[in-house]
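Chemist: Please work out how this folds:
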Amino acid sequence: MKRLIKATVVTLALGLTSVYASGSHSHGNGHSHTHKEVSQKTIKGQANNVLLGLIKKGKINNSWLNAPIKDMKKKQFHHNMEWVVSYENKKVQNKMEQILYVFISLTGETTGVNYTGK
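Modeler: You can find the predicted model right below:
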């Protein structure tokens, strides 16, 4: 009998945990785990913030401050679509590092930065 009660309690606990942990529940305060796609304007702002952050951390030099956005498009990576925002800085001596790519998820999360675009 104790085994049956334990098994029932464990089954209920695991069942409730998996239902509650699913991505679609709401916390009742307007916060939920479902993520909506953000606007292109928001993506542009996020990419600019990433660029500024890299400059502040000394990862790239100050000449990137006035670098214009060269291109902004959605691209498929494996199973995910992402925004790729590229900046061009012709003041950089190394031609392989004149274009900086910022990768941002459709929901606005930065996923990477590099000079290859891949």
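Chemist: Lys70 - that's part of a strand, no?
Modeler: Yes - the assignment for Lys70 by DSSP: H, G, I helix; E, B strand; the rest coil puts it in a strand.
Chemist: Leaving out sequence neighbours, find the closest residue to it.
Modeler: Once flanking residues are discounted, Lys70 sits nearest to Glu88: 4.1 Å by Cβ to Cβ, 6 or more residues apart in numbering. No exception for glycine: its C-beta is placed from N, CA and C like everyone else's.
Chemist: Would you confirm that Met96 contacts Gly117?
Modeler: No - with contact defined as Cβ atoms under 8 Å, Met96 does not reach Gly117; the gap is 11.4 Å.
Chemist: For Lys74, which non-adjacent residue is closest in space?
Modeler: Nearest residue to Lys74, sequence neighbours excluded (Cβ to Cβ, 6+ apart): Met81, at 5.3 Å.
Chemist: SS state for the one you found?
Modeler: Of the three states, Met81 takes strand according to three-state DSSP.
Chemist: Distance check, it against Lys44.
Modeler: 17 Å (Cβ to Cβ, to the nearest Å).
Chemist: Compare these two (neighbour count), which wins?
Modeler: The neighbour comparison of Met81 against Lys44 (other Cβ atoms under 10 Å) goes to Lys44, with 16 against 11.
Chemist: wait, the residue nearest to Lys70 sits on Ile99?
Modeler: Yes - with contacts counted by Cβ under 8 Å, Glu88 reaches Ile99, the gap being 5.3 Å.
Chemist: measure the residue nearest to Lys70 to Trp64 for me?
Modeler: Distance from Glu88 to Trp64, counting by Cβ to Cβ: 10 Å.
Chemist: Val50 too?
Modeler: 11 Å.
Chemist: Residues contacting the helix or strand harbouring Gln76, please?
Modeler: Assigned by DSSP states H and E, Gln76 falls within strand 69-77. With Cβ atoms under 8 Å, 6 or more residues apart in numbering as the test, strand 69-77 has contacts from 40, 43-44, 47, 81-88, 99, 103, 106.
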